[in-house]
Structure formats: C-alpha cells, structure tokens
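Trainee: Sequence first, predicted model second:
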Amino acid sequence: MLQNSAPQDATAQNEAMSSELKDLVLAVHALPVEYRDQLRDRVERVVEASTRRRRILNLVQEALSQLRLDMKYLIFDLEATRRERDALRAELDERG
C-alpha cells in the first residue's frame with residue numbers, strides 16, 4: 001500500500017479505510033524515503049488491522065440483522081401455532 005505507487009492509486013483496501021487512516025498513509029507517503037521506509041510496515045499493519053476489524057464488524061452487524069429477522073419469523077410462527085392450538089382446543093371443547 002505504501003510502496004512506490006502514488007497515494008492516489010485506489011485499491012479496495014484504501015476505499016474501506018477511514019479518513020484518518022487515509023490521512024496517515026498520505027502523511028507517511030509524503031515523508032522522506034528514509035523515514036517512510038521505517039514506518040511503512042507499521043502503518044500497513046495498522047491499516048490491515050483496521051480493515052480486518054471493519055470487515056468483522058460488518059459481518060457481526062449482518063449476523064445481528066439476520067438474527068433479528070429470524071426472531072421475527074419465529075415469533076410470528078409461535079403466535080400462529082398458539083392461535084391454531086387455541087382454535088383446536090375450542091373445537092374439541094365444543095365436541096366434548
């Protein structure tokens with residue numbers, strides 16, 4: 001990411017970065033080569049960790065959304081089953 005390519009090169013990872021990380025990458029890229037080389041690996045690890053955390057957070061949010069939807073379906077099914085049970089009990093009470 002911080003290699004010799006220009007900072008304008010957009011990769012999928014760059015697009016997922018927060019503006020603060022983008023600013024950090026640009027600031028490190030603007031440093032003289034000797035300092036940039038010292039910081040490159042560290043900044044790449046920070047960017048990768050941030051991207052990984054963002055990906056994990058998105059997965060967790062999607063899983064929670066799916067869980068909420070599944071719960072709504074389960075509650076609907078439970079209520080329908082209870083109505084059916086009550087209707088059958090009422091019918092049995094009328095017969096018996």
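Mentor: It's in.

Trainee: quick one, strands of this protein?
Mentor: Here the chain has no strands by DSSP state E.

Trainee: just for it, where's the confidence low?
Mentor: Scanning the chain with the threshold set as pLDDT under 70 gives 1-16.

Trainee: what do you get if the cut-off is 90, keeping everything else the same?
Mentor: For the chain, the stretches flagged by pLDDT under 90 are 1-18, 96.

Trainee: So for it, the centremost residue is which one?
Mentor: Asn58 (0.6 Å; CA atoms, centre = their mean).

Trainee: Distance check, that residue against Ala49.
Mentor: Distance, Asn58 to Ala49, using CB to CB, to the nearest Å: 15 Å. (Glycine included, C-beta is placed from N, CA and C.)

Trainee: Kindly report the same for Ile75.
Mentor: Distance from Ile75 to Ala49, by CB to CB: 39 Å.

Trainee: Also Leu64?
Mentor: Leu64 sits 22 Å away from Ala49 when distances are taken as CB to CB.

Trainee: pull the CA atoms of stretch 55-65 into PDB?
Mentor: Provided in PDB are the C-alpha atoms of stretch 55-65 (Å, rounded to 0.1, in the frame of the first residue of the first chain):
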ATOM      1  CA  ARG A  55     -14.900  -6.400   7.900                       C
ATOM      2  CA  ILE A  56     -15.600  -8.300  11.200                       C
ATOM      3  CA  LEU A  57     -17.900  -5.500  12.400                       C
ATOM      4  CA  ASN A  58     -19.800  -5.700   9.100                       C
ATOM      5  CA  LEU A  59     -20.100  -9.500   9.400                       C
ATOM      6  CA  VAL A  60     -21.400  -9.100  13.000                       C
ATOM      7  CA  GLN A  61     -23.900  -6.400  12.000                       C
ATOM      8  CA  GLU A  62     -25.200  -8.600   9.200                       C
ATOM      9  CA  ALA A  63     -25.400 -11.600  11.500                       C
ATOM     10  CA  LEU A  64     -27.400  -9.500  14.000                       C
ATOM     11  CA  SER A  65     -29.700  -8.200  11.300                       C
END
